[in-house]
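Participant: structure of the sequence below:
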Amino acid sequence: MDNLAFIRDTMEAAGSFTAVSGWGMVAMGVVALVTAAIATQQPTPAAALNVWLVSAVLSPILMLWAIARKARAARMPLLSGPGRKFVLSFSPPMIVGALLTLVLYRAGLVEAIPGVWLLLYGTAVVAGGAFSVKIVPVMGLCFMAVGVAALFSPMPWHHWLLGAAFGGLHIAFGIPIARRHGG
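Facilitator: Next up is the predicted model:
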C-alpha cells in the first residue's frame, strides 16, 4: 500500500495544472479593456491608477472563481501537486508587484508602475506556467515584452499598453486554452 501511495503521489506531482480557465482569462481580458478605456478618461495619473487597482482586485477574484469552477467540473483538486506548485511559483512575483506599487507610488514614480506590473505579472505567469499547459509560459513572455515596452514608452501610452496586454493577451491566449483544454 505504501508503494501504491508513493506512485500515486509521484504521478500527481508530475502532472500539469490544467485548471487554468481559458474563459476566465477571456473575462479578465474584457475587464482590462474596459478598465483601459475608463483609465484614459481620468484627470490625473493617480485617479487612473485607482481605476487599474480596482481591476487588479476584481480580476483575480474572477479568475479564481473560474479556476475553481473548472477544477470542480473536472473533479481535480485545486491544491494537488501541480496546483500547489503553480500557486507557489505564481504568488511571489505578484506579492512583489503589490509591494513595489506602493513604493513607486510613494516615491512619485507612477510612470514606472505599468512596466513593473507587466514584467512581474509576466514573470509570475512564466513561473507558474511551468506547471501548466505549454501555452501559458508563452503568454507570460508576451507580457514581459509589453512590460519592457511600457518601461520605455511615454506615459500617455501606458493605459493602452496595459489594455493590450491584460486585455488583448488574456483574450488571445484564453480562447485557445478554453478550446484545447476544456474551458
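Participant: name the helix or strand for residue 118, please.
Facilitator: helix 113-129 (DSSP states H and E).
Participant: show me what the longest helix anywhere in the chain is packed up against.
Facilitator: When every helix of the chain is counted residue by residue (DSSP state H), the longest turns out to be helix 45-73. Helices and strands touching helix 45-73, by 3 or more C-beta pairs under 8 Å, 6 or more residues apart in numbering; DSSP states H and E, are helix 22-39, helix 81-106. Backbone N, C-alpha and C define where each C-beta goes, glycine included.
Participant: need the winner for burial among those helices.
Facilitator: helix 22-39 (a mean of 20; mean count of other C-beta atoms under 10 Å).
Participant: so what touches that one?
Facilitator: Residues outside helix 22-39 that contact it (C-beta atoms under 8 Å, 6 or more residues apart in numbering): 48, 51-52, 54-55, 58-59, 62-63, 65-67, 70, 159-160, 162-171, 173-179, 181, 183.
Participant: do the same with stretch 127-135
Facilitator: Against stretch 127-135 from outside (C-beta under 8 Å, 6+ apart): 16-18, 20, 82, 85-87, 89-90, 92-93, 136-140, 173, 176-177, 180-181.
Participant: chain center to it: distance?
Facilitator: Relative to the chain's own centre, stretch 127-135 is displaced by 12 Å; criterion: C-alpha atoms, centre = their mean, to the nearest Å.
Participant: one more: stretch 88-97?
Facilitator: 10 Å.
Participant: so what does residue 132 have for phi and psi?
Facilitator: In terms of degrees, to the nearest 10, the main-chain angles of residue 132 are phi -130, psi -160.
Participant: can you tell me how far it sits from residue 20?
Facilitator: 5 Å (C-beta to C-beta, to the nearest Å).
Participant: more crowded one of those two?
Facilitator: Just comparing residue 132 and residue 20: by other C-beta atoms under 10 Å the higher neighbour count belongs to residue 20, 30 against 25.
Participant: OK, contacts around the more buried one?
Facilitator: Per C-beta under 8 Å, 6+ apart, neighbours of residue 20: 67, 70, 86, 132, 133, 136, 177, 181.
Participant: for the fifth one, give me the backbone phi and psi.
Facilitator: Main-chain torsions, residue 133, degrees, to the nearest 10: phi -70, psi 150.
Participant: ok, it - how many residues close by?
Facilitator: Residue 133 has 17 nearby residues by other C-beta under 10 Å.
Participant: the last one now?
Facilitator: For residue 181, the tally of surrounding residues (other C-beta under 10 Å) stands at 19.
Participant: residue 173: how many residues sit nearby?
Facilitator: So residue 173, with other C-beta under 10 Å, has 23 neighbours.
Participant: any buried residues in the longest helix of the chain, and which?
Facilitator: 45, 48-49, 51-52, 55-56, 59, 62-63, 66-67, 70-71 (16 or more other C-beta atoms under 10 Å).
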